[in-house]
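Enquirer: sequence and computational prediction follow.
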Amino acid sequence: MTEPLVTVDVHTHIGQHGVHVHDPLASDEVAAWGKVSWDVDLDEHAQAATAAGHSIVLAFDAEPVGVVVDNEYVAETVAGHDNLIGFASVNPTRKDARDRLVYAVENLKLRGLKLGPTYQHFHAHDARALALLEVANEYRLPIIWHQGTTFTPAAIAEYARPLDLDLVARRFPDLPMVIAHCGHPWAEEAASVIRRHPNMYMDVSALDTRPWQFAQSLASAFEYRVFDKLLFGSDFPFSTVQQCIDGLRNGARICRELGIAPITDRDIDALCARDSLTLLGLK
C-alpha cells in the first residue's frame, strides 16, 4: 500500500453537476475556467483521498448560489471509510437551521461544520449565525469557514472578509475554527486574526494555481509567527494533494529567492505532516 503524502487533508469536496451543483455557480465556473469543475465522481474522490492519511469531506448548503451538497449525501459517502471524516453544512438563514445541525450530528454522525457566508448570504455577526454557532459549541464541532473571495457574482463580497471572524472567535474561544484558502486575497488579515486566537487556523487549499499569492500567504504566516497554524488542504476536485504540495514547495522557493521569508522544505514537510485532527479535536 502506498504511503500517504500528507497526514490530513482538511478540505475536500464531493457533489455532482446537475444533482448538487446548479446555476448560477455552474455557469459561472464555465465563464471563469471553461468547464464545470465541481462534478465529482465518488470513485475519483476515494482514489484522491488515498494521498492523505485522513480527509475531511465537506457538505455545502449554499442554495443562494445553486449548490446544495446535502448532509445525508456526505454521511453516506464517508460511511464505512475510516480515512474519511464528514462535515455538515447548514445555512444559518434556514428557519430550521438548529434542528438540521443537531440531526446531522446525532443521526448522521457528522463531525464538523462548513460555513461560507459569501455563498450562503449571511454575515458572520448575524444573530442567526451566532445562534447556530451556539449549537456547534455545544457539540464541539470544528468549523471550516470559506472566508475569502470567490469567482461567482452570485456571492456577496462584503460577507467575505476574514476580520469578521474576530468577533466570532471572541464569542466562542474554545471552538476550533479554520479559515479556508488562507482567506485569499486577504492572507495578512487572516493571519492577523488567527494569531490572536489559540483555536483558530488557516488551510492552504486551492492556492497552488496562484504562485505569487501562495508565496505571499506563506510569507504572511511566517511574519505573523503562525506558520505552525497552517493546515494542509487540497480543495479537491479543484486541486489535488500532489498539486498543493508542489505549490507549497514552489511558494517557499519564491519566498527564499526574493528574501521575503526563509521558509525551507523542512517547514513544508512539517506542514504536510501536521496532525490537524488532534488540533481540531477530532481524534
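Expert: That came in fine, so what should we check first? Numbering: from 1, shown residues only.
Enquirer: can I assume residue 248 is in contact with residue 204?
Expert: Yes. Residue 248 lies in contact with residue 204 (CB atoms under 8 Å); the separation is 6.6 Å. For every residue, glycine as well, the C-beta is placed using N, CA and C.
Enquirer: ok, residue 278 to residue 38 distance?
Expert: 30 Å (CB to CB, to the nearest Å).
Enquirer: and the two? Which one has more around it.
Expert: Per other CB atoms under 10 Å, whichever of residue 278 and residue 38 has more neighbours is residue 38, with 20 against 11.
Enquirer: please enumerate the helices of the protein.
Expert: Remark: helices assigned in the chain by DSSP state H are 25-33, 42-49, 71-78, 97-106, 117-120, 127-139, 165-171, 187-194, 211-223, 241-258, 265-273, 276-279.
Enquirer: what lies in contact with the second one?
Expert: Applying CB atoms under 8 Å, 6 or more residues apart in numbering, the external contacts of helix 42-49 come out as 9, 12, 14, 55, 57, 77, 81, 83-84, 234, 236-237, 240-241.
Enquirer: return the residues in contact with residue 50.
Expert: Counting by CB under 8 Å, 6+ apart, residue 50 has contacts 2, 4, 83.
Enquirer: now do the same contact list for the second one.
Expert: It stands for residue 4. Contact partners of residue 4, counting by CB under 8 Å, 6+ apart, are 50-53.
Enquirer: to what extent is residue 94 buried, counted in neighbours?
Expert: When neighbours are defined as other CB under 10 Å, residue 94 has 16 of them.
Enquirer: might one say that it is in contact with residue 101?
Expert: No. Applying CB under 8 Å as the test, residue 94 and residue 101 come out as separate, 9.8 Å apart.
Enquirer: give the residues shared as contacts by those two.
Expert: By CB under 8 Å, 6+ apart, no residue touches both residue 94 and residue 101.
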